[in-house]
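[1] sequence and predicted structure are below.
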Amino acid sequence: MTRTRRPAKTDITLDEELSYRNAMSPPHFTGKHLLEDNGFLLTGETDEHDVFAISMIFNVDGTEWGGKPATMRQTNFMAIPKSQRGKGLTDNDYIGVRSDPVKSLNLSVDADDTQVSWSIGDLTMVAEPPYWTLKGEHAGVDFDVTMGGLQDASRFLGDFKELDQNGKAGVELPCWLEGDLTVDGVKYELQNGIAMHEKVIIGDAWVQGEALRRRTNHYWMWVLSEDVRVFSYVKEATGVTFGHADVGEATDWFGPGQITIDELDHWVDPRTGIQIPSRFAVAMQSPESTVSLTVEAYGRFMYTYCLAGGNITYHGLICRANGTIVSGDTTTEIVDVVTYLENGIYPTPLPVN
């Protein structure tokens, strides 16, 4: 498929796309916990299906991960019939993998003046800000997509220039998406594609702790369109609450005490017996802006991290969102907008051996 790159924009630099796994040092990384990730959430549709996929690379280190450096991959995929919209969750098929540091992969990170590439096996992610490409196969999903930034990045974990001071850094960037995914011989040529690029590194301050011993709340949500977007991140285990609402060029920010996510309905996954939320009320309130959403899931996949103290499982939910963003005197309606909501944390509190 021949593609012409659409206009794109971002303030992400090539330096931010490099690996910083060897740049973390005491007091931020003392041999206990390090996690670096680089990857993409991909959404789009065909005439018959709504398509969601994830492609991530993780570098981990420390006793929490088994005591030695490792590189892992995460791939997820689901194609849900559009006729399922508004009908709730069913037992859809999906692709998911277990990210296990016992089986470390060979990662190559290469950079020049124009691009940074991360490659494992057949799959390569190339950053040429404001553009990114993802090509190759992993876990039965063959990626061939191009993405372009829709705005400047959010850096809720801090700037990479301040990694030495903060011990954490990251970028989150919504992108337009063009291309296709091939699974089981079926090519899904994506229309209305929207992606989210994440590049993060965190040290000892992000130790899972209680998340390995009991169920804790974790919600990572993106309401995604080219014109209107809402990001909400609530992670009980590490005390993080952050979000923003983007309408055109305007952005309103939200922090601790300003985001509430309530679980309205639940569904028991017949493959695992785990009860997971299926409908949510999302409320975000700041002095400048109010976001009120109802988010309903109609497809799911799952993935697991294997740590020395136990396993933790997350569910990725394909959803539709409805509601409003009120900023000043302006009300923006959100009507049936594609949404991804990652929910966890479901632990298996069994240490290695």
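    Happy to help now that I have it.

[2] tell me where the stretch 1-150 of the chain has strands.
    34-45, 49-61, 70-81, 98-99, 108-111, 116-120, 123-128, 131-138, 141-149 (DSSP state E, counting those that start in this stretch).

[3] including mean neighbour count, distance to residue 246 and mean pLDDT, could those strands go into CSV?
    C-beta coordinates here come from the backbone N, C-alpha and C atoms, glycine included. Below are the strands of the stretch 1-150 of the chain laid out as CSV (neighbours: other C-beta atoms under 10 Å; distance: least, C-beta to C-beta, whole Å; pLDDT from 0 to 100):
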stretch, mean neighbour count, distance to residue 246, mean pLDDT
strand 34-45, 23, 16, 97
strand 49-61, 23, 20, 97
strand 70-81, 21, 25, 97
strand 98-99, 18, 30, 84
strand 108-111, 13, 30, 97
strand 116-120, 19, 26, 97
strand 123-128, 20, 22, 98
strand 131-138, 19, 19, 97
strand 141-149, 22, 12, 98
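
[4] mind checking which of the ones you listed is nearest residue 266?
    Nearest of the strands of the stretch 1-150 of the chain to residue 266, taken as C-beta to C-beta: strand 70-81 at 19.1 Å.

[5] keeping just the C-alphas, turn the closest one into PDB.
    Taking Å, rounded to 0.1, in the frame of the first residue of the first chain, the C-alpha atoms of strand 70-81 are listed here in PDB:
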ATOM      1  CA  ALA A  70      15.300  -8.200  30.400                       C
ATOM      2  CA  THR A  71      13.400  -7.100  27.300                       C
ATOM      3  CA  MET A  72       9.800  -8.200  26.700                       C
ATOM      4  CA  ARG A  73       7.100  -7.700  24.100                       C
ATOM      5  CA  GLN A  74       3.400  -7.200  24.400                       C
ATOM      6  CA  THR A  75       1.000  -7.700  21.500                       C
ATOM      7  CA  ASN A  76      -2.800  -7.600  21.700                       C
ATOM      8  CA  PHE A  77      -5.500  -7.700  19.000                       C
ATOM      9  CA  MET A  78      -9.200  -7.900  18.700                       C
ATOM     10  CA  ALA A  79     -11.700  -7.200  15.800                       C
ATOM     11  CA  ILE A  80     -15.200  -6.800  17.100                       C
ATOM     12  CA  PRO A  81     -18.300  -6.700  14.800                       C
END
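
[6] from the contact counts, what lies against that strand?
    Strand 70-81 sits against strand 49-61, strand 98-99, strand 168-183, strand 289-307, strand 310-327, with contacts defined as 3 or more C-beta pairs under 8 Å, 6 or more residues apart in numbering; DSSP states H and E.

[7] repeat the analysis, applying 7 Å as the threshold.
    Counting contacts by 3 or more C-beta pairs under 7 Å, 6 or more residues apart in numbering; DSSP states H and E, strand 70-81 is packed against strand 49-61, strand 289-307, strand 310-327.

[8] paired strands for the helix or strand of the chain with the lowest mean pLDDT, with orientation please.
    The weakest-scoring helix or strand in the chain, judged by mean pLDDT, DSSP states H and E, is strand 98-99 (a mean of 84). Strand 98-99 has the following sheet partners, assigned by DSSP bridges: strand 289-307 (parallel).

[9] what pLDDT, on average, does the partner strand get?
    Rounded to a whole number, the mean pLDDT of strand 289-307 is 95.

[10] buried stuff in it?
    Using 16 or more other C-beta atoms under 10 Å as the test for burial, strand 289-307 gives 289-291, 293, 295-307.

[11] the spatially closest residue to residue 74 that is not a sequence neighbour pairs with what?
    Leaving out its chain neighbours, the residue that sits closest to residue 74 by C-beta to C-beta, 6 or more residues apart in numbering is residue 56, at 4.1 Å. Note on residue 56: beta-bridge partners residue 39, residue 74, judged by DSSP bridges.
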